[in-house]
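*Asks:* Dropping the sequence and predicted coords here.
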Amino acid sequence: MSHDPREGTRASLTTPDGPAPGTPQAPVLVTGATGRHGATGPYVVRRLLEEGRNVRALVRRLGGRTDELAARGVEVVVGDLHDRRSVVRALRGVETAYFTYPIDAGVVAAAANYAAAVREHGSPVRTVVMSMGPAHPAHPSDRGRDQWLAEEVMGWAGLDVLVLRIAAAFHENIGVLHGGSARERGVIRNCFGNTPVAWINAEDAGELAVAAILHPERFDGPVCYPPGAEAADHATVAALLGEALGRPVRFEPIDPETWRRELAELAATDTDGVVNPDMARHITAVAAHIAGRGPTRPADRDELRRLIGRDPVTLRDFLLAGAATADPPPPGGR
């Protein structure tokens, strides 16, 4: 693959194939580095740079976000987790990688390509995998089952992995799924029922990945279940949204199929592409499962604090800061 002039470089102490393994300059390969809603990749990049680590970002295309990465000293490599050859090239000189995939179809094939590329790479690559609580072979969510199988594929391939199955919902989901209805109609609707949900901020999830990369001794692996920071039901979420908006917001429980249809309609009008039909099916399956059986793991603020080395962001602080109730940006404006 030719080197695009807009790609960032790290020229010192490199070989023709990239930084020499074993040197401080060996980069951490980060996938999902240009993600948007609740994405951990951009946060992981920023924090690794702050910690003095070299970073290589695997991106599908060049654009404004990749220009920003390159300007900050990130080595940008164009490729795709569904193109094994491009992943092989991206792995040159890499000893540690961060693997994340959106809630969408294709994660099993992406994991297979990545695993094959690591084996072809020939040198060990310690891989931190961002996963989710629903990653289980019997979960009702297709995406949850797929995520589990993707992680199994990496294990079968003999990869050195640390899988972070975060047993919590992201704060940022609230604005995406309910921000519009809270602003416009003073209501949030879903099929979680009255069951409390474990919550975590996306930056705290990203910090878990950074800690797993830099401080793996904090984690029991190869699969671990980092907890959420706190639990809250959606009536509490609605009350906090109302506090942020300065007017009442109520929670209205609905059945899973009704919520799936509403999310599918939202996906059809979501110009930013955050909500897609796969996400709609996944989140309704997860919600119905939690409503019927409760959270898979209890929240544990102290344990999360131990893992990330700082106080986690609270749900109240996140919601009262207004991010979940702000008007969405214009297309292309995020």
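*Replies:* That came in fine, so what should we check first? Numbers count the residues shown, from 1 in each chain.
*Asks:* now the helices for the stretch 1-150 of the chain?
*Replies:* For the stretch 1-150 of the chain, applying DSSP state H, counting those that start in this stretch gives helices covering 41-50, 64-71, 84-90, 107-121, 142-156.
*Asks:* Pull the second one out as CSV, backbone CA atoms only.
*Replies:* Pointing back at helix 64-71 there. The C-alpha trace of helix 64-71 is given here as CSV (Å, rounded to 0.1, in the frame of the first residue of the first chain):
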residue,chain,number,x,y,z
GLY,A,64,-10.9,15.7,8.6
ARG,A,65,-10.7,13.4,11.6
THR,A,66,-7.5,11.6,10.3
ASP,A,67,-6.0,15.0,9.6
GLU,A,68,-6.5,15.9,13.2
LEU,A,69,-4.9,12.6,14.3
ALA,A,70,-1.9,13.2,12.1
ALA,A,71,-1.5,16.7,13.4
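*Asks:* That helix: which residues count as buried?
*Replies:* For helix 64-71, a neighbour-count test (16 or more other CB atoms under 10 Å) marks 65-66, 69-70 as buried. No exception for glycine: its C-beta is placed from N, CA and C like everyone else's.
*Asks:* ok, now the fourth one?
*Replies:* Judged by neighbour count using 16+ other CB under 10 Å, the buried positions of helix 107-121 are 107-108, 110-118, 121.
*Asks:* and it, what's its mean pLDDT?
*Replies:* When pLDDT is averaged over helix 107-121, the result is 97.
*Asks:* now that helix and helix 142-156, what's the angle there?
*Replies:* Angle of helix 107-121 versus helix 142-156, following axes from the mean of the first three to the mean of the last three CA atoms, to 10 degrees, is 20 degrees.
*Asks:* got the residue ranges for the strands in the protein?
*Replies:* 14-15, 18-19, 28-31, 55-59, 75-78, 96-99, 126-132, 160-166, 169-170, 187-190, 197-200, 223-224, 230-232, 250-253 (DSSP state E).
*Asks:* would TSV of those with distance to His178 be doable?
*Replies:* Shown next, in TSV, are the strands of the chain (distance: least, CB to CB, whole Å):
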stretch	distance to His178
strand 14-15	47
strand 18-19	44
strand 28-31	28
strand 55-59	30
strand 75-78	35
strand 96-99	29
strand 126-132	19
strand 160-166	20
strand 169-170	12
strand 187-190	4
strand 197-200	13
strand 223-224	30
strand 230-232	13
strand 250-253	9
